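Trainee: Give me the fold of what follows.
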Amino acid sequence: MKIEESKFPKTINFQNVEETDVSTAKCKGVAYSGSAVKYYGANFIVDLKGLEIAEQIPILYNHQNTPAYRLGIANIKNDGKQLSFDGELDAESEIGKWLTTTGKKWKWQVSIGFNVEYGHTRYVDENEKAEVNGQTVSDCYIASKSKLREISLCAVGADDKTSLEIQMSLDNYFKFSQTNNNEGGNMDKPDEKEKKNVNPETPANGGDINAQFEAKMKEFSDRMTALEAKNNEIAKKNAELEAENEKFREKEKRPIPMMNFNNVEASANDVIECALSESFGVKNDTDSKAHEVAEKKFKGGIGIKDAIFLAARACGYTGELMRSDADIIEALKTIKFGYTNINLPIVLGNLINKRVRDGFNYVESVWRDIAEIIPVNDFRDVYTCRLTADGGFEEVPAGGKLPMAGPIKENAYSVKAKTYGMMFQLDRQTIRNDATNDISRKAFDFGRKGGLKINDVFWSIFLNNADFFKSANNNIVTSAGALSIDALSNLVAKFDEQTDESGAPIGLDASILLVSPQNEIMANHLFNDREIRNTTANKEYFISNPHAGKYRPVKSRYLSNPKYTGYSADDYYLLADPKVLPVMQICFLDGKETPYVESSAAEFDTLGISWRAFFDFGATKAEPKAGVKGDKA
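Mentor: Residues are numbered from 1 along each chain as shown. Prediction:
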């Protein structure tokens, strides 16, 4: 469930201000209710179990860390659900007098200032739940380890209706206090100039311009200090990233370890891949020596855990067989940064890539039969022009001068590639279970989903064809009836009527009969059967099939699938060879028709190895004259 609106900050009460003649005023209240506050638009909560309380907790005004704004000392009580406090304020100071006076008229609020220890902030998303400070929370950041430095009296605290930036600054991940070094000042004895302008609302002496200027300069200095700290943090992270990249570059220069058996030697990468390929159920095309070493050294193949162990040992791992998470982490780190250039993610990636390709090719690929396939170099629209020209070949006169062709006209259609992909991960549980078959099945399904995605995109475009196959294009036979000799004859006649811009026949023969599963049997009869028998008594008929062997039947399950706009189990299509005149066009970036598989060691917060598969393609309708639709209805 979502975090309820914050009850933080609570109010502070002043007691017996008028009844005492001493220089202090007692106060008490709740400094933090244990609930969430809004910080930069996100919910943030301090885990009181991990909160350390500083030896001395000053009471400040509005988080101002200068002597003139220090009001007293607080005693903090942490009961695990909220922070309460009591203390005494300096009633003789200018701000103390002002606060104790106004405290009798209205209640003030309290805010806390604390530091979060680096790396001890975590996010709980909206689908998770966590128990913090006696509450069940979600969709928030939790500071699990922090230190309370001060509490402040505020006119408006850090609730959901105000901006935290007003009184809180960023240090490490989150720091709810603004700190200043008070350069040149005395922390115990503020100078007289600072005391003159301590009232936060009314400058002394009717308005001290210098004090206002100094306040603005201090604010600017604080912002620059915070910005410098942030820049230093970014620079540190960039340096760490560059150091890690340098490790990878250095690793690539190192030698690939070798494995041998009976004086036969081969690359460790190839041997491990060969040994794994049997477990994956794929054919391996690596070096024959690697096959020989793998077969003799690892009869029956090896599992994932064995592969990780062998790769880690080749990179300098000195541990025994991996029995714990710590062993797995250490082995993977050794492979990642070891002193040899062995790359287990690539070895496994090669095998996974083969299973991905198997899965990709397993699904229906009728789109290959009816579409022109072209490579593209980028993600921009690629235009294909239908070129026609007035005029034609004329008799060449005796002088030998050739006639000029008429003006060229362009009728263009376009296609562009888009990227589709998903992630695949070898996680800790799979490694511990040594579940090689599970990885092989997942990789196969990975490829299968890629093949299904192409079909989904392609047939969504093809079947939504009401504005493509239409009477205006002269490429549809309405009320065509069920598929039969006569119905197919009518489609052939319509196809043969197709003309170019000048009205001349396009001069192409149809070659493909595209049908749904419901029409597959009849389409096969029309293509394969040489004779047709009519059992009607006393009726003449031809026994030969005029369409035998002419129009290759191609079946697609997508034609009759109700998920797609324009589906029909009864309609059928007569199409030209797409290499000559395509009714559809599909493009692939750089001509790569199957998904790319890339691998890497997982990030630090994930135990395992990750792969990503993606490919780039697009589809479009092409030439209306390249096909005719038979609409049964």
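Trainee: tell me which residues in stretch 77-89 are buried?
Mentor: Using 16 or more other CB atoms under 10 Å as the burial criterion, the residues of stretch 77-89 that qualify are 78, 82-85, 87-89. In this view, the C-beta of every residue, glycine as well, is placed from N, C-alpha and C.
Trainee: ignore the last one, stretch 30-50
Mentor: Residues of stretch 30-50 classed as buried: 30-39, 43-48, 50 (neighbour count, 16+ other CB under 10 Å).
Trainee: List the ones among the residues you listed that fall in strands.
Mentor: Judged by DSSP state E, the subset of the buried residues of stretch 30-50 located in strands is 30-32, 37-39, 43-46.
Trainee: Among the residues you listed, pick out the one closest to residue 480, please.
Mentor: residue 43 (62.9 Å; CB to CB).
Trainee: Chain neighbours aside, what residue packs nearest to that closest one?
Mentor: Nearest-residue entry for residue 43: residue 140, 3.7 Å, with adjacent residues in sequence omitted and distances by CB to CB, 6 or more residues apart in numbering.
Trainee: Around that neighbour, count how many other residues there are.
Mentor: Look at residue 140: counted by other CB atoms under 10 Å, it has 23 neighbours.
Trainee: beta partners for it?
Mentor: Beta-bridge partners of residue 140, counted by DSSP bridges, are residue 124.
Trainee: can you tell me how far it sits from residue 114?
Mentor: Distance of residue 140 to residue 114, computed by CB to CB, to the nearest Å: 16 Å.
Trainee: swap in residue 154?
Mentor: 15 Å.
Trainee: Is residue 301 in a helix, a strand, or coil?
Mentor: coil (DSSP: H, G, I helix; E, B strand; the rest coil).
Trainee: And residue 467, by the same measure?
Mentor: Residue 467 - assigned by three-state DSSP - is coil.
Trainee: For it, give me its contacts.
Mentor: For residue 467, no contacting residues are found, by CB atoms under 8 Å, 6 or more residues apart in numbering.
Trainee: Which pLDDT does the model give it?
Mentor: Residue 467 is assigned 95 on the pLDDT scale.
Trainee: Please apply the same query to the one 5 residues further on.
Mentor: Model confidence at residue 472, expressed as pLDDT, equals 93.
Trainee: three-state assignment of it?
Mentor: Here residue 472 takes the helix state, with states given by three-state DSSP.
Trainee: Make TSV out of the ones in strands among the buried residues of stretch 30-50 and add distance to residue 59 and pLDDT.
Mentor: Shown next, in TSV, are these (distance: CB to CB, whole Å; pLDDT from 0 to 100):
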residue	distance to residue 59	pLDDT
30	14	86
31	10	85
32	14	87
37	20	80
38	24	74
39	22	66
43	27	81
44	23	83
45	23	89
46	19	90
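Trainee: what about residue 579, how many neighbours?
Mentor: For residue 579, using other CB under 10 Å, the count is 9.
Trainee: That one contacts residue 374, doesn't it?
Mentor: No. Assessed by CB atoms under 8 Å, residue 579 is found out of contact with residue 374, at 11.3 Å.
Trainee: picking up where we left off before, a markdown table for the buried residues of stretch 77-89, including distance to residue 400?
Mentor: Formatted as a markdown table, the buried residues of stretch 77-89 follow (distance: CB to CB, whole Å):
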| residue | distance to residue 400 |
| --- | --- |
| 78 | 106 |
| 82 | 104 |
| 83 | 104 |
| 84 | 109 |
| 85 | 109 |
| 87 | 112 |
| 88 | 116 |
| 89 | 113 |
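Trainee: all helices for the protein, in order.
Mentor: With DSSP state H as the criterion, the chain has helices at 94-103, 192-196, 209-252, 268-280, 288-297, 304-314, 325-337, 344-362, 367-370, 428-433, 436-463, 485-496, 520-528.
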